[in-house]
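Asks: Sequence plus predicted model, see below.
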Amino acid sequence: MYRLSITIFFIVLLQSCSWFATRTPEDPTSSGLGFKPPTTPDLVITNLQNAFSDNNAENYILCFTDTLINKNLQFHFTPSGEANARYASLFANWNINNERAAFLSMVSRLEQNSRLLLTLSNSRFDILLPDSAVYVSDYSISVPTVVTAFEKNYVGSMRLTISQIGNGLWGISRWTDSRNPGIDSSLSTWSILKGQYSN
């Protein structure tokens, strides 16, 4: 009787569970990582914003040109005037590794369970060519940092050259940052943010 009860118990248990049923694979396009293959210039911008909201340094770096794919597309960054005066030696040789280090440093100093926020406005593509595009936008960045000496809000304007890297993918090859005269001049630019978190 005992064996019969155990057998019935296991039969009912196995029929009610789906331990041995095959699972429907997850759709790779519905990944929660917030990064989509940048097959168009506008997807580069979407990925840039998502990298911020996800606090994801690797997805941030994937927004830039990759010299392993195309050696002719070296990334160049031109900082805002005040940032260049303050961090001239740092920005003289600025590259992708500096971008990664600054972003990682910024994320590591965020308040617990907080998120970066990048807001773009007055955005447009000034130039759209088969192998490059120029994107212009005002921006505001919110950085809920634990570092009391650093600002939490940054504003300015950026001009991005987005180039076709190869393999049908695009990335930022040139970035010029500037202060926007129509925005509160007491707030620092993105260049200052990069400089602060690189030191």
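Replies: Thanks, I have the structure now.

Asks: mind listing the helices for the chain?
Replies: Assigned by DSSP state H, the helices in the chain fall at 2-16, 41-53, 57-61, 81-86, 88-92, 96-108, 190-198.

Asks: Go through the ones you listed and pick out the most buried.
Replies: For the helices of the chain, the largest average neighbour count (mean count of other CB atoms under 10 Å) is found in helix 190-198, namely a mean of 23. No exception for glycine: its C-beta is placed from N, CA and C like everyone else's.

Asks: helices or strands up against that helix?
Replies: For helix 190-198, the elements it packs on are helix 81-86, helix 88-92, helix 96-108, strand 132-142, strand 153-166, judged by 3 or more CB pairs under 8 Å, 6 or more residues apart in numbering; DSSP states H and E.

Asks: re earlier: quick one, which of the helices of the chain is nearest to residue 134?
Replies: helix 41-53 (9.1 Å; CB to CB).

Asks: Show residues contacting the closest one.
Replies: Applying CB atoms under 8 Å, 6 or more residues apart in numbering, the set of residues contacting helix 41-53 from outside is 34-38, 56-57, 59-60, 62-63, 115-118, 120, 123, 125, 128, 133, 135, 137, 141, 160, 162, 170-172.

Asks: please redo it, this time with the cut-off set to 7 Å
Replies: Helix 41-53 is contacted by residues 34-36, 38, 59-60, 62-63, 115-118, 120, 125, 133, 135, 162, 170-172 when judged by CB atoms under 7 Å, 6 or more residues apart in numbering.

Asks: So which of those residues belong to strands?
Replies: Using DSSP state E, the subset of those located in strands is 117-118, 120, 125, 133, 135, 162, 170-172.

Asks: which of those residues tops the neighbour count?
Replies: residue 162 (28 neighbours; other CB atoms under 10 Å).

Asks: Name the nearest residue to that residue, sequence neighbours excluded.
Replies: With sequence-adjacent residues excluded and distances taken as CB to CB, 6 or more residues apart in numbering, residue 162 is closest to residue 41, at 4.3 Å.

Asks: State the pLDDT value of the one you found.
Replies: Reported pLDDT at residue 41 in the predicted model: 97.
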